[in-house]
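Q: Here is a sequence together with a model predicted from it:
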Amino acid sequence: MALDPSFVGRSYPPTEPYAVGREKIREFADAIGADEPAYRDPAVAAALGHPDVIAPPTFPVVVTMAANQALIDDPALGLDYSRVVHGDQRFAYVRPVRAGDRLVCVSTVEEIMSRGGHDFLTTRTEVATDAGERVVTVWSRLVVRGEG
Amino acid sequence: MHVGQDLAPQTYRVTRADLVRYAGASGDFNPIHWNDRTAVAVGLPGVIAHGMFTMALAARAVTAWAGDPGAVIEYGVRFTKPVVVPDDDHGAEVVVAGVVRAVDEGVAQIDLTVTCSGEKVLAQARAKIRL
């Protein structure tokens, strides 16, 4: 196996807070073609019970991908990024991300395994506000394709 | 929503311009999503959509069916086949179908079938929404 299995269970220090802004949410919603007013209009979001505009369900990857970079770049892990494809992705939400959130990520290596000549790396990222309110848990599984 | 209910399939067109826009908005600038030379060099048939872009399109179908963009409480997929996006004005077409698998205590579980050119591009694609 190319990946160091001793990384399982390892956690990385909390990231600096990511300040979620209305315009970033709008940009992301535009990019995926999602025209729901709750992504753009605070009054519509308020009518649905949210203190500010909310973000589309997959928006948290904007924050978690950056949070996992320290792990991916760690030379001791032995991950060849040019051979990586995205295997699985999962979100469990406490509530939608919204404008005004200051999000802090803590990533943990949940699983490393080898099967059929490929290596699999599963990370779990706990996303919370800097006040400690849990927002979403994000799992990501990367597949490192074997050589040949 | 009731168990066994088929949810109206949603069709989304994906062009190269969409991939460029998504790269910028998401921060994922992997060249296999915009550069044919790189995509072919790593063994792909050509530029492919970001898996997370396809997942975002499938989530659009889920929130459309739910009628509330904040209703999703769980959402997961496995990426099985790439969505190849040709360099033309037509692009690729992603079709998202859904069926209600379970309804329990105000939560519906939806199983998604996501295809491109008739082939499944996601597997184990499931969402739970608060009703």
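A: Okay, I see it.

Q: near chain A, which residues of chain B show up?
A: Applying the criterion CB under 8 Å from any CB of the partner chain, the portion of chain B that neighbours chain A consists of B:12, B:18, B:21-22, B:24-28, B:42, B:51-53, B:55-57, B:59-60, B:62-63, B:68-70, B:72-79, B:124. From N, CA and C alone the C-beta is placed, and that goes for glycine too.

Q: who does the lengthiest strand in chain B pair up with?
A: The strand that spans the most residues within chain B, counting by DSSP state E, is strand B:92-104. Paired neighbours of strand B:92-104 in the sheet (DSSP bridges): strand B:6-14 (antiparallel), strand B:107-116 (antiparallel).

Q: so how far is that strand from its chain's centroid?
A: A distance of 10 Å separates the C-alpha centroid of strand B:92-104 from that of its chain, computed with CA atoms, centre = their mean, to the nearest Å.

Q: got the buried residues for that strand?
A: Within strand B:92-104, the residues that qualify as buried are B:92, B:94, B:95, B:96, B:97, B:98, B:100, counting by 16 or more other CB atoms under 10 Å in any protein chain shown.

Q: related to what we said a few turns ago, filter the residues of chain B next to chain A down to the ones in helices?
A: B:18, B:21-22, B:24-26, B:51-53, B:55-57, B:59-60, B:62-63 (DSSP state H).

Q: now those: which count as buried?
A: When those are checked against 16+ other CB under 10 Å, the ones flagged as buried are B:18, B:21-22, B:25-26, B:51-53, B:55-57, B:59-60, B:62-63.

Q: Figure out which of the strands paired with strand B:92-104 is closest to residue A:2.
A: Taking CB to CB as the measure, the strands paired with strand B:92-104 were each checked against residue A:2, and strand B:107-116 came out nearest at 30.2 Å.

Q: For that closest one, output the C-alpha coordinates as PDB.
A: These are the backbone C-alpha positions of strand B:107-116, laid out as PDB (Å, rounded to 0.1, in the frame of the first residue of the first chain):
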ATOM      1  CA  VAL B 107     -38.100  12.400   7.200                       C
ATOM      2  CA  ALA B 108     -38.200  11.000   3.700                       C
ATOM      3  CA  GLN B 109     -35.300   9.000   2.200                       C
ATOM      4  CA  ILE B 110     -34.900   9.400  -1.500                       C
ATOM      5  CA  ASP B 111     -32.900   7.100  -3.800                       C
ATOM      6  CA  LEU B 112     -31.400   8.900  -6.800                       C
ATOM      7  CA  THR B 113     -30.500   7.600 -10.200                       C
ATOM      8  CA  VAL B 114     -28.200   9.900 -12.000                       C
ATOM      9  CA  THR B 115     -27.300   9.200 -15.600                       C
ATOM     10  CA  CYS B 116     -25.400  10.700 -18.500                       C
END
